[in-house]
Structures are given as C-alpha cells and as structure tokens.
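Trainee: Predicted structure and sequence below. I'll ask about it afterward.
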Amino acid sequence: MINDRGDSLITEAFEWHAIMQSDAITEEQKAAFQLWLNTDRAHRRAFEEASRLWTELGALKRAPIDHLRAHPQSNHNAAQSSWLPFRRYTWQLAVSSLIVIVVLGLALRLAIPNDVSQLLETATGEVRMEELTDGSKVTLGAKSSILVEMAGDERRVTLLSGTAYFDVTKEIRPFTVSSGLLRVEVTGTEFAVTRSSRGAQVAVAEGSVEVNVMSGSAAAKALGQGQRINLRLGQLGAVEQIAPDHVGAWRRNRLVYDEALVGELVADLERYTDKPIRLLDSTLAAETITVTFESTEIDLILSTLSQLYSLEVAETESRIELRSKW
C-alpha cells in the first residue's frame, strides 16, 4: 500500500509542475519551488517523474479520439450519435486508468534509493557550463534546467526545460538523457537535447547516440555525427542532416534555425527575454524557417519575422504578441 508520505509527494510534485508551466508564475513562487526542491532529494525525484508523466498524459490528450470528444454534434447520424457517449466513457476510463497507473508508478519510484542528485538551472539569457561528478560536461542554454542523478551503475540526466549540450566522458556505465517521452543513451559523445511544448530534439556533434520513445514500441534510432531527430506528438520523425558546428551553436551566442518550425523558434526566444512571446497565428507556427542570428538580437529577430510574414509586433507591460496584419 502507498503510504501517506508518498501520496503527498505525488500531489505536491504535480501541483508544482502545473505552477512552473504557468505563464503567470511569480518570483515568490519560483523561490518557494526552489526551496521545496532543495529540501529533500525525494522531492527532486518526484518532480522529475511528474514532468515525464505529465508529458505522457499530454500525448494521450492529443489522440484522435479527443477530436470526437470535443465535437460530439459533428455527425447527426442517429446510430453514431448513440455510440459517442460510449466513446466518451471509454476515453474517460482510459485516462482515469492511466492516471492511476502512472501515480502508482511514481510512488514506487520514490522508494528507490538515490545517492547523488543535483538540480542545475540557468536564468533568462544565461548560458553556463558545469562539470558533473563523472567528469562529463554539460552546458545549459538560457532559461534551462536539468536534474542529474549519479548512483551506482547509472548516469541519468532529465532535461526539465530548455536546452543542454552534453560532452560525455566515456566509461562502461551508460549515460542517459530523458526529456518527456524522449530517451537518449550514450557511453561517450557530444550532443544536444532541446525540449519544447511540441516535443524534443536531439542533435549529434560528435560520436553516436541511440534515441527511443519511452512509451512506444517503435525501434530505437541511431544518430551519428551531423544528424538530428525530432520527437513530436509522441512520435520520432525522420533522421535529418545538420552541420556539426550548428549543434549547440547557442553556446557561442549564435541562434541557428535550419528548417525549424516558426512556432518553436518563437518559443525559443522566450528564453532570452523576461516577457512571454505569443504567436497568434497557429497556421504560421507550423511553417518552417532557416535563419541565423546572434542571441543578443531578439528585437532584430522579431522585426525580421514581422517583415517575412506580415506580422505586427505588439508589446505590453506583460507580454509580446505577434499578430497578423491581415
């Protein structure tokens, strides 16, 4: 049976995850979260699992059946209409069952001992390199955070937000990086992982990595130098070619976007400004763009986007909005 302490940690971890994802988060809440996280290593493990499980629930929410649930009156056929309540009940039952399973799994994971746990994070616009206890080096991009766990025969890192570049010391113990549903495993190489609201991306600068999806049955994909792959909506895309020196170019204050989604570019810019940036055209968000800027040129990037796509840049005290002029 799950004890009260484990159940309480589960609740707290999911509550903190929801707060940290909010656009209205305050500095006081950030400070309170940091205090909660540093109080106990179990808090960090709970938050890591809550982050991963929340991503899994998000993938389920975007399943095709959700469309039926949102538009039950789209088909007036009597037979199909009578069937929809059953579909809605099935969907709700599936979600409820999944929540029970993942919460039980989280509670059990909290009981696993962990000797070395470390939370690393950067502020808006900050890029910082840290050396891990195994000698590996990780460079965190702006407004990014990772949870590092080194214990026994495991070297594990969870990318909680933003982007990170890894220079992994080669040894027998595998080095794994997870971000939501994405899992990368290596023994020694250089690569970058980026997390976004749409999923995640892995790009290799040197050596090779193995990438898989933790909740799926698809075979793992191997990436070599100058290759990258995207995870979107729980599915791995095709392996793409990329110039090795473009991987982690943000470490040199260069923002390189090669066939990147406009929506992901705009979201990325938020890590270099204190104000949230909102692209109000969902169709434009799915288009791709190839461009390179300096990370200090946020205003120039916004101006360029406005010219390329006929957008109006509207800035208020609390946010920046990109609106279509037409």
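Mentor: Yep, it's here.

Trainee: Which parts of the stretch 201-326 of the chain are helices?
Mentor: In the stretch 201-326 of the chain, the helices defined using DSSP state H, counting those that start in this stretch lie at 262-269, 282-285, 298-309.

Trainee: now, of the ones you listed, which is deepest in the fold?
Mentor: Highest mean neighbour count among those (mean count of other CB atoms under 10 Å): helix 262-269, with a mean of 21. Glycine gets a C-beta too; all of them are placed from N, C-alpha and C.

Trainee: hmm, back to that, please tabulate the helices of the stretch 201-326 of the chain in JSON lines, including the columns mean pLDDT.
Mentor: Formatted as JSON lines, those follow (pLDDT from 0 to 100):
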{"stretch": "helix 262-269", "mean pLDDT": "92"}
{"stretch": "helix 282-285", "mean pLDDT": "90"}
{"stretch": "helix 298-309", "mean pLDDT": "92"}
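
Trainee: Just put those in a markdown table and tack on distance to residue 245.
Mentor: Listed next are those as a markdown table, based on distance: least, CB to CB, whole Å:
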| stretch | distance to residue 245 |
| --- | --- |
| helix 262-269 | 19 |
| helix 282-285 | 28 |
| helix 298-309 | 21 |
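
Trainee: Low-confidence bits of the stretch 51-200 of the chain, can you list those?
Mentor: 52-116 (pLDDT under 70).

Trainee: Now do the strands in it.
Mentor: 117-121, 128-131, 137-140, 145-151, 154-161, 163-167, 175-179, 182-186, 190-196, 199-206 (DSSP state E, counting those that start in this stretch).

Trainee: which parts of the third one are buried?
Mentor: Applying a neighbour-count criterion of 16 or more other CB atoms under 10 Å, the buried positions in strand 137-140 are 138-140.

Trainee: Give me the most central residue, this protein.
Mentor: For the chain, the residue sitting closest to the mean C-alpha position, by CA atoms, centre = their mean, is residue 195 at 3.2 Å.

Trainee: Quick check: bridge partners of that residue?
Mentor: residue 200 (DSSP bridges).

Trainee: Just to check, it is in contact with residue 146?
Mentor: No. Using CB atoms under 8 Å as the test, residue 195 is too far from residue 146 to be in contact (9.9 Å).
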